[in-house]
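Colleague: Provided below are the primary sequence and the corresponding predicted coordinates.
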Amino acid sequence: MSAAELEGIADRLDDINDQLADLAMSALREAIEAGEQKPELERRITRARRAVEKASNLLRDDPSAAGF
């Protein structure tokens, strides 16, 4: 697998990361509007987003960003 292919996958993961961040914000906004505490759904989405971000950083071989 070439470096360009890995970079392309990392870019797609970055897009997924952005989508997950938007979904987490929507879940949080809906919970606030309903007068609820921080919803479990938002926590799960945020955990998934962090994992995707870590994967993207690992593919780019950025050891400073992969440790979280």
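Modeller: That came in fine, so what should we check first?

Colleague: which stretches of this protein have low pLDDT?
Modeller: Applying pLDDT under 70 to the chain flags residues 62-68.

Colleague: At the geometric centre of it, which residue do we find?
Modeller: residue 49 (2.1 Å; Cα atoms, centre = their mean).

Colleague: Not including adjacent chain positions, what is the nearest residue to it?
Modeller: Distances taken as Cβ to Cβ, 6 or more residues apart in numbering place residue 20 nearest to residue 49, at 3.9 Å, with adjacent residues excluded. No exception for glycine: its C-beta is placed from N, CA and C like everyone else's.

Colleague: So the one you found sits against residue 52, correct?
Modeller: Yes. Residue 20 lies in contact with residue 52 (Cβ atoms under 8 Å); the separation is 6.4 Å.

Colleague: Now do the buried residues in the helix or strand in which residue 11 is found.
Modeller: Following DSSP states H and E, one finds residue 11 within helix 3-33. Judged by neighbour count (16 or more other Cβ atoms under 10 Å), helix 3-33 contains these buried residues: 10, 13, 17, 20, 23-24, 27-28, 31.

Colleague: gap between it and the chain center?
Modeller: Distance of helix 3-33 from the chain centroid (Cα atoms, centre = their mean, to the nearest Å) equals 5 Å.

Colleague: Distance from the next helix or strand after that helix to the middle of the chain?
Modeller: Next helix or strand after helix 3-33 toward the C-terminus (DSSP H and E): helix 40-59. When C-alpha coordinates are averaged (Cα atoms, centre = their mean), helix 40-59 and its chain have centres 4 Å apart.

Colleague: List the buried residues in helix 40-59.
Modeller: By neighbour count on 16+ other Cβ under 10 Å, the buried set for helix 40-59 is 42, 45-46, 49, 52-57, 59.

Colleague: CA atoms only for that helix - export them in CSV, please.
Modeller: Provided in CSV are the C-alpha atoms of helix 40-59 (Å, rounded to 0.1, in the frame of the first residue of the first chain):
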residue,chain,number,x,y,z
GLU,A,40,-25.5,8.4,26.4
LEU,A,41,-25.8,8.6,22.6
GLU,A,42,-23.6,11.7,22.5
ARG,A,43,-21.0,10.0,24.7
ARG,A,44,-20.9,7.0,22.4
ILE,A,45,-20.6,9.1,19.3
THR,A,46,-17.8,11.1,20.9
ARG,A,47,-15.9,7.9,21.8
ALA,A,48,-16.3,6.7,18.2
ARG,A,49,-15.1,10.1,16.9
ARG,A,50,-12.0,9.9,19.0
ALA,A,51,-11.2,6.4,17.8
VAL,A,52,-11.6,7.5,14.2
GLU,A,53,-9.4,10.5,14.8
LYS,A,54,-6.8,8.3,16.4
ALA,A,55,-6.9,5.9,13.4
SER,A,56,-6.4,8.9,11.0
ASN,A,57,-3.4,10.1,13.0
LEU,A,58,-1.9,6.6,13.1
LEU,A,59,-2.2,6.3,9.3
